[in-house]
Each structure stands twice: as C-alpha cells, then as structure tokens.
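>>> I'll drop the sequence and a predicted model, then ask my questions.
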Amino acid sequence: MSTPNNGPWLITPVIRDKDFLDMKELSIEFATAMDFELDYQQLLRESASIKEIYKMPKGVGFLLKSNNQSIGFIALKKANYNTVEIRKFYVRPSTAFLKWSHNLLEVAVDWAMQSNFKKIRVEPPSTHPSLKKLYPETDFREKFIRDETSSQLVKVLEKALVSVPEYFQL
C-alpha cells in the first residue's frame, strides 16, 4: 500500500455486495465518460448482472480504493480453460492515474498466473483509451482471434503467462 497526498490507496478483491455495487457504478461512469455511441439498454442489462458475470468461478474483479472510496476497477472473465479476458478496466483520472492503473493490471496478471491461466487478453475498446499505452509496456502483443459470435477476426492484445521454449532440446 502506498500513501500519496490524498490518502492510502488499496487494491481489494470484489467479494461483497457493496463491492459489486461499486464496480457497477464505476462501470457506468466509465461507459458514460467514453466518446462513442452508447447502447444504454445493453449497459443497463450488463450492469444489472455484473455480480453474476464477474463472480468466481466465471470471473473476478478488483477495486482500487482511496480513503475507503472506490476509484477504479479491473474485471476479468474466463474465456476458456487457458485464457482469461480483461473485460472492463477503469481508473478515475488523477495525478497517480498511470501508477495505479499499472498496479491494478499487475494484480490482474498475478491473479491469472496463480489461477493457472496460460494467457491474459484484452480487447482495446473494453478499457479507457488512456490505458491503452499500458499494455505494450507490460508485454501484451497484438493478435487476431476469431470472434465466437460473428466469426470475424478481432484485434486483441494478449500476454503469455507461461514461457514456452522455442526449441526442444534432446
């Protein structure tokens, strides 16, 4: 934990109903802050079921708190037995924005590794635009995958969580 000028900062797992409510409110704040056409019905449906989407074992969330107030979050969902996806990632702008965004991402990657996932992936539109430069700095690489619903290729950023030797030595 760090103690910047505006009080203690802490990252906690989303477990309690209040945590899910905070994550829901931050998710709506994130969506309404974006500069694009918003599907409010879809946003409200997803917000209403945020606990079912991001509760273990399907997913997980982490809240960033300062002075006991939630100011950011990262939410992951299991894509398959090898891969977990960052579905939402938002931190309120502040002087320590990038530092704490990096710390939240690090917690998510550590959780994925400890949960034995081999890859962590994100679709860039699911995070705040100012966070996009964080991914290349933390070894996420561009990759195209086939979207399960439309069968179209979608650009994602992906990070391998296990090292695979390039050559097998005998």
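Thanks, I have the structure now.

>>> low-confidence ranges in this structure?
1-7, 33-45, 47-48, 95, 163-170 (pLDDT under 70).

>>> quick one, helices of the protein?
All helices of the chain, identified by DSSP state H, fall at 17-33, 40-48, 50-54, 97-114, 134-137.

>>> and those helices as CSV, adding distance to residue 127 and mean neighbour count?
Heads up, the C-betas are built off the backbone N, CA and C, glycines and all. Output for the helices of the chain, formatted as CSV (distance: least, Cβ to Cβ, whole Å; neighbours: other Cβ atoms under 10 Å):
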stretch, distance to residue 127, mean neighbour count
helix 17-33, 9, 16
helix 40-48, 15, 12
helix 50-54, 15, 17
helix 97-114, 9, 18
helix 134-137, 8, 15
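
>>> out of those helices, nearest to residue 122?
helix 134-137 (6.7 Å; Cβ to Cβ).

>>> name the residues that touch that closest one?
By Cβ atoms under 8 Å, 6 or more residues apart in numbering, the residues outside helix 134-137 that reach it are 98, 101, 102, 105, 122, 124, 157, 159.

>>> for residue 157, see how far away the second one is.
By that I understand residue 101. Distance, residue 101 to residue 157, by Cβ to Cβ, to the nearest Å: 14 Å.
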